[in-house]
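**Q** Would you be able to build a 3D model of this:
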Amino acid sequence: MSENDGLVDLLDSDLEYSVEKETPVKQAITQSGFNNSHLTSRTGGSNAKSFLSLLSDDSLIEYVNELSRADKNNANVITGTPRFVSNKVDSDNSHTDLDLDRDEDSPIAHSDIGVKPNGNNNDEINKNNVYSRETYFQDKAQGQSVQDQILKNQYKGLISSQNGNLFKNCVIYINGYTKPGRLQLHEMIVLHGGKFLHHLSAKKRVTHIVASNLPLKKRIEFANYKVVNPDWITDCIKERRLLPWQNYSLTAKLDEQQKKLDNCKTVIPFPPETSSNRSPTHISSALLPIKPPSSTDIYNIDSKKIVDCNDPDFLNSYFAHSRLHHLSTWKANLRSKFLTENIDNSIRITNKDTYTVFHIDFDCFFATVAYLCRSACFFSCDFEKDPIVVCHGTKNSDIASCNYVAREFGIRNGMWVSQAEKLLPNEVKLISLPYNFEQFQSKSEAFYRILKSLNIFDLIIPISIDEAVCVKKTPNDILNNYTSNSKMCEEIRREVFKETNGCTVSIGCSDSLVLARLALKMGKPNGYNITFRNNIFEQFWSNFKLNDLPGVGYSVLSKLESTFNNPSSLSDLRKRYTLDTLKASVGSKLGMKIHLALQGQDDDESLKMLYDPKEVLQRKSLSIDINWGIRFENITQVDLFIERGCQYLLMKLNEINKTTSQITLKLMKRCKDAPIEPPKYMGMGRCDSLSRSSKLGIPTNEFGIIATEMKSSYRSLACPPKELRGVAIQFNKLVDMDSVNKQPKLRLPFKTIVTNKAFEDLPEDVKDDINNEFDKRNYMKTECGLASNISSSKKKRNVYLKTSNRNDLPSTMEEQFMNELPTQVREEVRNDLRIEKKIHQTKLGNLQEKIKRREETLKNEKNHFMGHNSIFKPIKFQNLTRFKEICQLVTQWIAETLGEGGPHEKDVKLFVKYLVKLCDSNRVHLVLQLSNLISRELNFRASLNQDRTGFQKWEKILLSVIIPLLNRNKHTFQTVRKLDMDFEI
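**A** Numbering: from 1, shown residues only. As a prediction, the model looks like this:
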């Protein structure tokens, strides 16, 4: 850094100091009891809005009046511009701070340049030569040329004159790791007449670039240059001539004529129909349309991602590069479009109808579209032979999609690129294609447009951008007509292939959702399968694994494998399970769902999507989840990030015209033993999950309320800012804004008003914020000023009778009549009404009312404890609910196990679990009775001289489990009489 830059920084710091001094306006506001938080943000930002929304009604009025008077008294202050105080910058002492800004490693830091007291150092700077970056590379190039000449002279006699000029006029640059290495290639190039370039300062200087592999960014950057692999140099030396570089090219050069082929797309002919239900469509690279990289594509690939989470544009940059964000947005838009356009026009499906379900899904959608719309630098790859993946970059980038060739090597979606490369043989290279979000959306829209234009289906349900469930009502006589269903499948596949210029889909057809899904797996890739319940053979179930069923994940799979002795397929599970064992293993609800699926039937929850799609598909929550690039230093940065996240979500919430009544904050905190920086750059690493939900009571879309609650939730979770690695903000229980506006609102009148004169004296930027705040509070602007909706004339004439009962209030006609009476007459009528009211409200009536209320209270308490709605719900132990029967069972259990060496560990765990439930439901006295029962039984049977092993185990259970449980729960929050004693061991 130069001295001039340091002097500018010093001037800026002095100017900031002058701005921070209080102006008369700020002093006036401070004296009136308000801080200057709004004045420092006159631009109407989020801070200003949140400040105004936090004020009460009277404080807001007082703030407006004080601000108006302050600006009026200081006419020299210009609204919206900084109030600079004319403080001079003292440059005499500036040299003391300049040395602190220097870099110790910089050549300037070691020079003798100083700042003179008068600030004139131009003469000294000109006298000293600054060793810049350009000078360094110039000296390095000169030194390298000398070394190259020495090398040539050393091997002058060993290399013939013909080979010595082999690379004449070739300027070669080596990029990255190569084999042979950089030094060996350097010597080869120099000894054979070429020029080796160390630093690529200008690409026009080089004739060839040597590289073994290039990342996506470099492939785009070097698309118009001769990029060859190292074999070109070694083969040229072997052949003693310059070989064609195109045979060794890493990227294909895009000539000017190819750029004109954008509008000339070659349509791939659909293969002829066959009798087989699987008709593979081979994608030939020679027939596919090659699209040159457009400006949009290059922007998507090479645009600079903002890494700093404290940057105001971080969220927009993050979502622009996030595949999951695009998928969720498109999915939400598809479902919203379905609800608005198709739900009213579609035919309603009921449980009395017979129907056919077509489950349609693209084959590796992202990989196929990225390949079809690839740029020229990927022209040489073949979709049917090369392993192709779609990702953002290399090494630690996540794979979004891969073709079936890559899947044969074990590559899967979500895997890192570096892991995928290790699965490939040495001679096979992984092709990484960039995202093309524009084409993804275009193909998806074409897909749904085709499904709608075919006019085949009664209901089209969007599952995602590349997957849909289509339903067609079918009469019983043609329900299982294989020929008609086969023709529909072939027609759908043919039209999609034609309109998307080469994308294939697979179809599963059946009379239930679960069978259609399984049939889809049978039809993939690039085919279809038709299977109905009445023609299923056992061989069909043997083709599927257990996790192919919907609802069977890793946890459920482990339970099924342990319970049914590791079944290898659904066919094995069908032979081994019973409904009772299935429910005992995975739960009643999920067990019934799996049982129905194994019979080819849908459960009620799945059928809800057909019978009531509006309820299933409507938006129920809205959220953002940031798990990359989260690095904070202090809580102020966290608060700003939470505010930006809330603003982004509120913008989306207002777009769909909804409000939220519950918000959730989820945090990812770095594990104690996890490294500070994970293997993935700016990634999340291993983390602990924290979350907190807050109910707002009334649905709202107010930024101030939601942001304040979110920041409060963060503080309650107690996560240090430096340990934070992920933030998720979620709005739950969304409610339509129209239904919220229809709810009646009670607005109390203002105690004070603001006159138009005071309002007009306010600055323009402040006036807009205050006007918006008044609109939110339902204020009306009148000639007299900003007042409440209740007119002052009505306040004077209205008569309010303070009565306890609603029936005592006068009707509207009586109220109007009272207002029109003269004052003296009105007072007489009012006295008569008071006397009449006192006659009806005697002491006897009040006493009867109190007795009635007491009886209702006793009745409610009885129902609370003893009725059907009792808080003491029965707790089962071994399917027994009566405590007397449970005591008998425990007595029998003790008697049988004393002679067998004590109870089994699993039985003890179940018994302890029952005791814990009793304590949690405030029934500690029952646990005390059971402990006394066990103690009495052990004392009684000790005289029978049975095996002492059983006694020791039961005594251990009593002393180490039951007694400590009683001590922990002796003080409960609902017990009337506290158990103040300790249970002795």
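**Q** Break this protein down into its domains, please.
**A** 133-251, 295-523, 537-599, 620-740, 806-840, 883-968 (automatic domain parsing).
**Q** And those domains, which one averages the lowest pLDDT?
**A** Across the domains of the chain, domain 806-840 has the smallest mean pLDDT, namely a mean of 68.
**Q** And stretch 887-900, what's buried?
**A** In terms of neighbour count (16 or more other CB atoms under 10 Å), stretch 887-900 has its buried residues at 890, 893-894, 897-898. Bear in mind the C-beta positions are built from the backbone N, C-alpha and C, glycine included.
**Q** For Phe167, state which of the residues you listed is nearest.
**A** Nearest to Phe167 among the buried residues of stretch 887-900, counting by CB to CB, is Thr897 at 91.0 Å.
**Q** Report the contact partners of that closest one.
**A** 903-904, 950, 954 (CB atoms under 8 Å, 6 or more residues apart in numbering).
**Q** Name the helix or strand for it, please.
**A** helix 883-898 (DSSP states H and E).
**Q** Likewise for Pro180?
**A** Secondary structure assignment for Pro180, by DSSP H and E: no helix or strand.
**Q** ok so, going back, can you select the buried ones from the contacts of Thr897 in PyMOL?
**A** Under the burial definition 16+ other CB under 10 Å, those of the contacts of Thr897 that qualify are selected in PyMOL by:
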select buried, resi 903+950+954
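**Q** The contacts of Thr897 in strands, which ones?
**A** Within the contacts of Thr897, no residue falls in strands by DSSP state E.
**Q** Sort out for me which of the contacts of Thr897 are in helices.
**A** 950, 954 (DSSP state H).
**Q** and which of the contacts of Thr897 is nearest Asp673?
**A** Of the contacts of Thr897, the one sitting nearest to Asp673 (CB to CB) turns out to be His904, at 36.6 Å.
**Q** Would you tell me what the next helix or strand after the helix holding Thr897 is?
**A** Past helix 883-898, the next helix or strand by DSSP H and E is helix 905-920.
**Q** just checking, next helix/strand downstream of that next one?
**A** Counting by DSSP H and E, the next helix or strand C-terminal to helix 905-920 is helix 924-941.
**Q** So which bits of that next one are buried?
**A** Quick answer for helix 924-941 (16+ other CB under 10 Å): 924, 926-928, 930-931, 933-934, 937-938, 941.
**Q** what's around Ser484, how many residues?
**A** Look at Ser484: counted by other CB atoms under 10 Å, it has 12 neighbours.
**Q** and what of Asp382?
**A** Neighbours of Asp382 (other CB under 10 Å): 14.
**Q** Distance check, it against Ile388.
**A** Using CB to CB, to the nearest Å, Asp382 is found at 9 Å from Ile388.
**Q** now do Arg348
**A** 43 Å.
**Q** Have a look at those two and say which one is more surrounded.
**A** Ile388 (27 against 12).
**Q** Name the nearest of the contacts of Thr897 relative to Gly629.
**A** For those, the nearest to Gly629 is His904 (52.7 Å; CB to CB).
**Q** Glu896 versus the closest one, what's the distance?
**A** Counting by CB to CB, the gap from His904 to Glu896 is 11 Å.
**Q** Quick one: the strands in the stretch 301-450 of the chain, in order.
**A** 355-362, 388-390, 401-402, 431-433 (DSSP state E, counting those that start in this stretch).
**Q** and the last one, what does it pack onto?
**A** So the one you mean is strand 431-433. helix 365-372, strand 388-390 (3 or more CB pairs under 8 Å, 6 or more residues apart in numbering; DSSP states H and E).
**Q** What of the second one?
**A** In this structure, strand 388-390 packs against helix 365-372, strand 401-402, helix 404-408, strand 431-433, with contacts taken as 3+ CB pairs under 8 Å, 6+ apart.
**Q** Save the domains of the chain as JSON lines, and put in distance to Ile530 too.
**A** Shown next, in JSON lines, are these (distance: least, CB to CB, whole Å):
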{"stretch": "domain 133-251", "distance to Ile530": "42"}
{"stretch": "domain 295-523", "distance to Ile530": "4"}
{"stretch": "domain 537-599", "distance to Ile530": "12"}
{"stretch": "domain 620-740", "distance to Ile530": "35"}
{"stretch": "domain 806-840", "distance to Ile530": "68"}
{"stretch": "domain 883-968", "distance to Ile530": "48"}
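**Q** For Ile875, find the nearest of those domains.
**A** So among those, domain 883-968 is nearest, using CB to CB, at 5.0 Å.
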